[in-house]
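Engineer: My questions are about this predicted structure, shown below with the sequence.
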Amino acid sequence: MFAVIKTGGKQYKVKEGEILKIEKIAGAAGDKIDFEVLLVTDEDGKDVKIGKPIVAGAKVAAEILEQGRARKVNVIKYKPKVRYRRKAGHRQMYTRVKIGKVG
C-alpha cells in the first residue's frame, strides 16, 4: 500500500518502511508525527481513494530519525568591469523521517 502525502509545500509518494529526507518540521529525534494524505491506494491500484483535498480518516504515521543540515551550497554573484563580487553560503535544514503505518 502506498500514499501521497503533502509536507513542506511538496508532495511525496511513500510506502511503509521508507526513509525520506523532507523540509524541516518541528520535533526531536524519536517523535511520532502524522501527515496529510492526498491519495491512498493498494499495490495493484484497485482500491484508490482520492482526497478533496485530503482523504478523510486516512493518515500516514511516521517517526523522526534526525534533524540536520544539508551540504553547503556556495552562491557567487559577479559583475565584470565594476569590481563587484559577493560570496555567500547556504545550508538547508532537513528532517529525516521513517514512514510507519499507511492507511
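Structural biologist: Arrived safely.
Engineer: what are the pairing partners of the helix or strand of the chain with the lowest mean pLDDT, and which direction each?
Structural biologist: In the chain, no helix or strand scores lower on mean pLDDT, DSSP states H and E than strand 48-50, which sits at a mean of 79. Each strand paired with strand 48-50, and its direction, by DSSP bridges: strand 32-41 (antiparallel).
Engineer: Buried residues, the partner strand. List them.
Structural biologist: Using 16 or more other Cβ atoms under 10 Å as the test for burial, strand 32-41 gives 33, 35, 36, 37, 38, 39, 40, 41. C-beta coordinates here come from the backbone N, C-alpha and C atoms, glycine included.
Engineer: Pipe these into JSON lines and attach pLDDT and distance to residue 19 per row.
Structural biologist: Output for these, formatted as JSON lines (pLDDT from 0 to 100; distance: Cβ to Cβ, whole Å):
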{"residue": "33", "pLDDT": "93", "distance to residue 19": "14"}
{"residue": "35", "pLDDT": "89", "distance to residue 19": "14"}
{"residue": "36", "pLDDT": "82", "distance to residue 19": "19"}
{"residue": "37", "pLDDT": "84", "distance to residue 19": "19"}
{"residue": "38", "pLDDT": "79", "distance to residue 19": "20"}
{"residue": "39", "pLDDT": "75", "distance to residue 19": "21"}
{"residue": "40", "pLDDT": "78", "distance to residue 19": "20"}
{"residue": "41", "pLDDT": "74", "distance to residue 19": "21"}
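Engineer: Out of those, which is nearest to residue 97?
Structural biologist: Each of the buried residues of strand 32-41 was checked against residue 97 using Cβ to Cβ; the closest is residue 33, at 7.2 Å.
Engineer: where along this protein do the strands fall?
Structural biologist: Under the criterion DSSP state E, the chain contains strands at 2-7, 10-15, 19-23, 32-41, 48-50, 60-69, 73-79, 84-90, 93-102.
Engineer: Contacts for the shortest one, please.
Structural biologist: This points to strand 48-50. 38, 39, 40, 41, 55, 58 (Cβ atoms under 8 Å, 6 or more residues apart in numbering).
Engineer: No further queries at this time; thank you.
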